[in-house]
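In: structure here, sequence nowhere to be found:
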């Protein structure tokens, strides 16, 4: 009997209704460390499904662009081992979405390699399903030509060239992909780029729990204990029945209050009431939040509107160049007062000087921390700080070129003679040398668009292996 | 009164790489109502602070959490060359000095 058939028979009540289903969200984004106590408590509650989100677009374009993970290898392996062993020890399905931070082929393949090694090392045997999220460039270009691709937010319309220059293109899969995997008998599902909700909603939706509360619960627990007060990354348990769901943090000091759970709809969202997924829209406008006790919250009332047209969110990043930075401090009041004129003056000199040796185009940025490095304040502060930190950044065609530009900038900034200068020993304090640091390739998101599609199954192919 | 004296939370974060969202959360409905009515928290005033067009700023009241959500276009897509804040988590500075 497959895992899903077992669950179906276990959860069907005498009168034909559904018993409560428990979904455990193991932690916040997997790979940064899973708090043990809360996860262990979660396992003790006998969840029917364990899920975990393994990625996000929030860390920026580098991870999707490069194919690298944001999380360190050792911690990622440790977290994967924890959730795998936990799920196998109680014999319940484990679903992970957006593998390896960005969910493209290299991220998914690396995650699968870790999973196979862990299984081998621990003597674990199970049916593994992996689901790819890489969208073929031709499919995207065809959709662009057919006028079926639109920007998501403030980004230019997609061109066919964008599809060519993105290093990877992923689409965000929804619940149907996970459902296919579970129907095929998978006990562990590792997916590429996926909607955060799909990981947790797929099985309850398959079993017939109401879609509005199912999607709403999934949206909340995918962030683990961000929805509690105080917030954190500890495991959280969502229990769904045929009328609503309960949120219960597995850390006894983190309480899911009506306010903290309701407030979670604000987090990282442009609209607290509506969440768009490939297959439809979650509407939480009529949701009600009630305290069951001081630790747990009961939620009901969310609605699910199935989409008239299926859509897939596309993501892609393209290489901009190689980046090098200069890191230096300054503690001279006169230099600090003049810095906003000094930096452009040095840039002018640098561009004239490197013209013959750096022949590819390059970009130069500088940030003055202590004044306006973090936020583009329109006016200077009322009083200038005693010290500032200056970061000069160059993105060029090669690491050597970027480093050259930044090195010349360093030398001229160090010795720049501005009006009123008294610190003729040098304008900068280097915490170490070399103060020019090559930070590697720089990417930018060039694809963040919605594509209308006829069907989802063909876009997210399933692969099954028995480990 | 100063917003920072009555708001429990004043935070910013990206809502995807093309959008910045600022959440103002209050303990008292009266303070929330005051913020909702304040000229300093209207789209035009906020757009000026952030160097945007008024049409690029939306305000969404969220009664369930006694909160005001402000949504605006990011000027640069997150992580673009020249970005100051890839996560957008430190773009709420101006709100700490606002009077409502």
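Out: Done, it's in. This structure is a prediction, so every number in the text was calculated from the model and none was measured. Numbers count the residues shown, from 1 in each chain, chains lettered A, B, ... in the order given.
In: so what's the residue of chain B found nearest chain A closest to, chain neighbours aside?
Out: Nearest residue of chain B to chain A (C-beta to the nearest C-beta) works out as residue B:18 at 2.8 Å. All C-beta spots, glycine's among them, are computed from the backbone N, C-alpha and C. The shortest distance from residue B:18 to any residue other than its chain neighbours is 2.8 Å, reached at residue A:153 (C-beta to C-beta, 6 or more residues apart in numbering or on different chains).
In: quick one: that neighbour and residue B:21 touch, right?
Out: No. Counting by C-beta atoms under 8 Å, residue B:21 is not a contact partner of residue A:153; they are 11.3 Å apart.
In: more neighbours: the two, which one.
Out: The neighbour count for residue A:153 versus residue B:21, taken as other C-beta atoms under 10 Å in any protein chain shown, is higher for residue B:21 (25 against 17).
In: and that one, how far from residue A:266?
Out: Distance, residue B:21 to residue A:266, using C-beta to C-beta, to the nearest Å: 8 Å.
In: spit out the residues that contact these two alike.
Out: Residues touching both residue B:21 and residue A:266 (C-beta atoms under 8 Å, 6 or more residues apart in numbering or on different chains): residue B:69.
In: one step back: report how many residues lie close to the residue of chain B closest to chain A.
Out: 19.
In: let me see the contact set for it.
Out: Listed by C-beta under 8 Å, 6+ apart, the contact partners of residue B:18 are A:151, A:152, A:153, A:154, A:155, A:448, B:73, B:74, B:77, B:78.
In: for ChimeraX, write a command that selects the buried ones of those.
Out: Those of the contacts of residue B:18 that count as buried under 16 or more other C-beta atoms under 10 Å in any protein chain shown are selected in ChimeraX with:
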select /A:152,153,154,155,448 /B:73,74,77,78
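In: show me which of the contacts of residue B:18 is closest to residue A:175.
Out: Closest to residue A:175 out of those is residue A:152 (20.1 Å), distances taken as C-beta to C-beta.
In: so what pLDDT did that closest one get?
Out: Looking at residue A:152, its pLDDT stands at 97.
In: just to revisit the earlier point, quick one: contacts for the residue nearest to residue B:18?
Out: A:448, B:16, B:17, B:18, B:19, B:73, B:74.
In: and with 10 Å instead?
Out: Residue A:153 makes contacts with A:270, A:448-449, B:14-19, B:71, B:73-74, B:77, as judged by C-beta atoms under 10 Å, 6 or more residues apart in numbering or on different chains.
In: mind checking which helix or strand it is in?
Out: Residue A:153 belongs to no helix or strand when assigned by DSSP states H and E.
In: then residue B:49?
Out: Going by DSSP H and E, residue B:49 is part of helix B:43-50.
In: same question, residue A:448
Out: strand A:436-453.
In: next SSE after that strand?
Out: The first helix or strand that comes after strand A:436-453 along the chain, using DSSP H and E, is strand A:462-466.
In: what's that next one in contact with?
Out: A:108, A:112, A:116, A:125-132, A:177-178, A:180-181, A:183-187, A:189-191.
In: out of everything not next to it in sequence, what's closest to the residue nearest the centre of chain B?
Out: The residue lying closest to the centre of chain B (C-alpha atoms, centre = their mean) is residue B:22, at 3.3 Å. Of all residues beyond its chain neighbours, the one nearest residue B:22 is residue B:70 (4.2 Å), with distances taken as C-beta to C-beta, 6+ apart.
In: my read: the one you found touches residue B:59, true?
Out: Yes. Shown here, residue B:70 and residue B:59 form a contact pair, counting by C-beta atoms under 10 Å, at 5.6 Å.
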